[in-house]
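**Student:** quick one, structure for this:
(one chain, ligands or ions: 1)
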Amino acid sequence: MLTDRATVPADRIRIEDREGLVSFFKDVMNWPGFEHAGSTSDYWDWKYLRKPGPKPIGYASWHYGKAISHASIVPTQLMVDGRAVAAGQLGDMYTHPDHRGNGLAESMLERVERQADADGIEIVFAFPSEAGGRIIAKRGYQELPISFAHYHLITNLMFFERVSLGPLKKAAYKAMMMTKAPGRRPIPGMVAEVTDLPDDIDDMTQRFEAQFDLVLRHDRRYLEWRYGDPHGGAFRTLLATVDGRTVGLAVLRPYFMDGAGYMDIVDLMADPDHPQAARGLVAQAIEMATAEGIVEVQSWVPSDHPLVPFLLRAGFMQRTPWAMRGGCACSAILVMGTGRRR
Ligand SMILES: CC(C)(COP(=O)(O)OP(=O)(O)OC[C@H]1O[C@@H](n2cnc3c(N)ncnc32)[C@H](O)[C@@H]1OP(=O)(O)O)[C@@H](O)C(=O)NCCC(=O)NCCS
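**Tutor:** Numbering: from 1, shown residues only. From the prediction side, this is the model:
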């Protein structure tokens, strides 16, 4: 354990800590690692000050005024067997390499979990790194039996020149894509890009989420915060409508990496009574990506997600997790109950 008097072992984050934390995150982990509007401090404000609902919980340890370890829990709502449960996502857990092995991460975890319990959070969950997963598993977090799969579709055959898969694969891919053309044919008049969410968005998301045993609640306030604020990331939203009623939503994240354009489908939802909305949304996303010279569209979803068949019908293929680009390399969710029952 650190004993230096200049060391603050664990302290609840205050607004005054923002600049110290942001420079720590930027120095040690290229935080947040994706494109967003404004500065890194603006991203911190978006994540830790402007999150709707209960206040995020953050603890940090300081050494001569510099942050050396941090962990946070951002409250969110999960639907578990149809019941709304107060939950929190554990994240931004990091200890400066010069200070590892001193029990700091353990101490941050202890503090954020205790506060989460005091705040009425029933479940804490994380998408941990390998090291993070080992630490939290020792604290009683359990891995959920949900396996994530990564699907991708090549929209620009220049891709094959970049990764040199050879002319034969390119020809075979072209032939396979031709057979899948009906699955990515846009549905006229159904899908449009929007900047504001419609009044009935909560009806659609609730009906979609009712199909899952465990799912993050995407209510209007959450969606507006998560995808509608440019400081949180650069997203584009597609909405599917039938007879004036919202039947589906897709959120896209286009970005550049190593000189090539990529697009992630980060959220895809459709009213269970209108599953064809998923086809319309996926088709529109592919059309947008193709028009913008994007080389690859990808999505990372639980393999039993009800909309996976629409990705496959459009020509998406499953990829091994290690080969994915630009996203989270983690493949598991770990959860722990805080002991609280409401
Ligand atoms: C993971 C990390 C936060 C651990 O920080 P730390 O302050 O060194 O951790 P602690 O000293 O509190 O160690 C806690 C426990 O985890 C173990 N541990 C620490 N780092 C570990 C690692 N890389 N792999 C496996 N176990 C590890 C420790 O041995 C200790 O267990 P013990 O009490 O049984 O000995 C730090 O290594 C780090 O910042 N890594 C890079 C970012 C990362 O992966 N963050 C996690 C995201 S979920």
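
**Student:** beyond whatever helix or strand residue 171 lives in, next helix or strand please.
**Tutor:** Take DSSP states H and E as the rule and residue 171 turns out to sit in helix 167-179. Where DSSP H and E defines the elements, the next helix or strand beyond helix 167-179 is strand 191-194.

**Student:** and that following strand, average pLDDT?
**Tutor:** Averaged over strand 191-194, pLDDT sits at 98.

**Student:** and it, what does it pack against?
**Tutor:** strand 236-242, helix 276-291 (3 or more CB pairs under 8 Å, 6 or more residues apart in numbering; DSSP states H and E). Every residue, glycine included, has its C-beta placed from N, CA and C.

**Student:** who touches the helix holding residue 171?
**Tutor:** 154, 157, 160, 315 (CB atoms under 8 Å, 6 or more residues apart in numbering).

**Student:** helix/strand/coil for the third one?
**Tutor:** Translated: residue 160. Three-state call for residue 160 (DSSP: H, G, I helix; E, B strand; the rest coil): helix.

**Student:** separation between it and residue 177?
**Tutor:** 12 Å (CB to CB, to the nearest Å).

**Student:** residues from this structure in reach of the ligand?
**Tutor:** With CB under 6 Å from any ligand atom as the criterion, the chain meets the ligand at residues 69, 93-95, 100-106, 126, 128-129, 131-132, 134-135.

**Student:** mind checking which of those are in helices?
**Tutor:** 104, 105, 106, 131, 132, 134, 135 (DSSP state H).

**Student:** quick one, what contacts the second one?
**Tutor:** Just to be clear, that refers to residue 105. 69, 71, 93, 95, 135.

**Student:** across the sheet, point out what pairs with the first one.
**Tutor:** Note on residue 69: beta-bridge partners by DSSP bridges are residue 61, residue 95.

**Student:** contact partners for it?
**Tutor:** 60, 61, 94, 95, 96, 99, 104, 105, 107, 108.

**Student:** try 7 Å
**Tutor:** 60, 61, 94, 95, 96, 99, 104, 105, 108 (CB atoms under 7 Å, 6 or more residues apart in numbering).

**Student:** repeat that for the second one.
**Tutor:** For residue 71, the contacting residues are 59, 90, 92, 93, 105, 108, 109, 112, taking CB under 7 Å, 6+ apart as the criterion.

**Student:** how far away is residue 124 from the ligand?
**Tutor:** Using CB to the nearest ligand atom, to the nearest Å, residue 124 is found at 12 Å from the ligand.

**Student:** that residue against residue 116, yeah?
**Tutor:** Yes. Counting by CB atoms under 7 Å, residue 124 touches residue 116, with 5.7 Å between them.

**Student:** where does the residue nearest to the spatial centre of the chain land on pLDDT?
**Tutor:** Centroid-nearest residue in the chain, with CA atoms, centre = their mean: residue 266, separated by 6.9 Å. Residue 266 carries a pLDDT value of 97.

**Student:** again, but for the one 5 residues further on
**Tutor:** Among the per-residue scores, residue 271 shows a pLDDT of 98.

**Student:** that one: neighbour count?
**Tutor:** Applying other CB atoms under 10 Å, we find 21 residues neighbouring residue 271.

**Student:** same thing with residue 33?
**Tutor:** 10.

**Student:** what's the closest non-adjacent residue to the residue of the stretch 151-300 of the chain found nearest the ligand?
**Tutor:** Of all residues in the stretch 151-300 of the chain, residue 300 sits closest to the ligand, at 16.9 Å by CB to the nearest ligand atom. Sequence neighbours aside, residue 150 is the residue nearest to residue 300 in space, at 5.0 Å (criterion: CB to CB, 6 or more residues apart in numbering).

**Student:** mind checking the end-to-end distance for stretch 205-222?
**Tutor:** 11 Å (CA to CA, to the nearest Å).
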